[in-house]
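**Q** after the sequence you'll find the predicted model.
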Amino acid sequence: MEDTFSNLETYGYIGLFLYSLGGGFVALLGAGVLSYLGKMDLATSMSVAFIANAIGDVLLVYLARYQKSMMMQGIKKHRRKLALSHILMKKYGSWIILIQKFVYGIKTLIPIAIGLTKYDFKKFVMFNIGSSAVWVFVVGFGSFYSGEALVKVAGVVSDKPWIAIVILVVFAGSLWLYLEKATKKKVKK
């Protein structure tokens, strides 16, 4: 166990950075709890996650805008979800940049959808930086101050590992059902 914490202290920030490029919710949650336990520094963890998260979304918009053919090959199977992202953009406007930080399943699709539109790149960068800051403060401080409760939950799950599987199946199933329903073709009468 001591080796695990030593490795987290050594490589935890690198892993947090890499994971936060594509989302980072779970990694930042873990970093907040580890900061509560005194194994990582909360300010450093939040800074690393903020920078990586902001860079990751800007890269997705950039690639979608300037490497459109490459991006379209990679998301061929997700065209309906991309269309849902466009609808969400029209419905919520620039607020979708903040909302997508917290919603798994559209986290990577919204920046790609923004990159495929004529949305102003500089405006996106500004909203993205602000949204990344809000996301980092909410998740980072939330997990730090909920550290005791989260450690207790982790203890229960380690005693009864089947609970984690049930939670994962329910979460993944709910997300899949929502995306299937939201992206299903409507039959015209």
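**A** Looks like it came in fine. Computed from a prediction, not measured in an experiment: that's the story for all the values here.

**Q** centre-most residue in this protein?
**A** Geometric centre of the chain, nearest residue: Gly23, 2.9 Å, by Cα atoms, centre = their mean.

**Q** pLDDT at that residue, what is it?
**A** For Gly23, the pLDDT comes out at 81.

**Q** now stretch 89-96: buried residues?
**A** Met89, Ser94, Ile96 (16 or more other Cβ atoms under 10 Å). For every residue, glycine as well, the C-beta is placed using N, CA and C.

**Q** distance from the chain centre to that stretch, please.
**A** 18 Å (Cα atoms, centre = their mean, to the nearest Å).

**Q** which residues touch it?
**A** The contact list for stretch 89-96 (Cβ atoms under 8 Å, 6 or more residues apart in numbering) reads Leu88, Ile99, Ile110, Ala113, Ile114, Thr117, Tyr119, Lys123, Phe127.

**Q** strands - which of the residues you listed land there?
**A** Nothing among these maps onto strands, per DSSP state E.

**Q** let's have those in TSV, adding distance to Met40 and neighbour count.
**A** Shown next, in TSV, are the contacts of stretch 89-96 (distance: Cβ to Cβ, whole Å; neighbours: other Cβ atoms under 10 Å):
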residue	distance to Met40	neighbour count
Leu88	34	20
Ile99	28	13
Ile110	29	25
Ala113	34	26
Ile114	32	28
Thr117	38	15
Tyr119	36	16
Lys123	34	12
Phe127	29	20
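
**Q** done for today, thanks.
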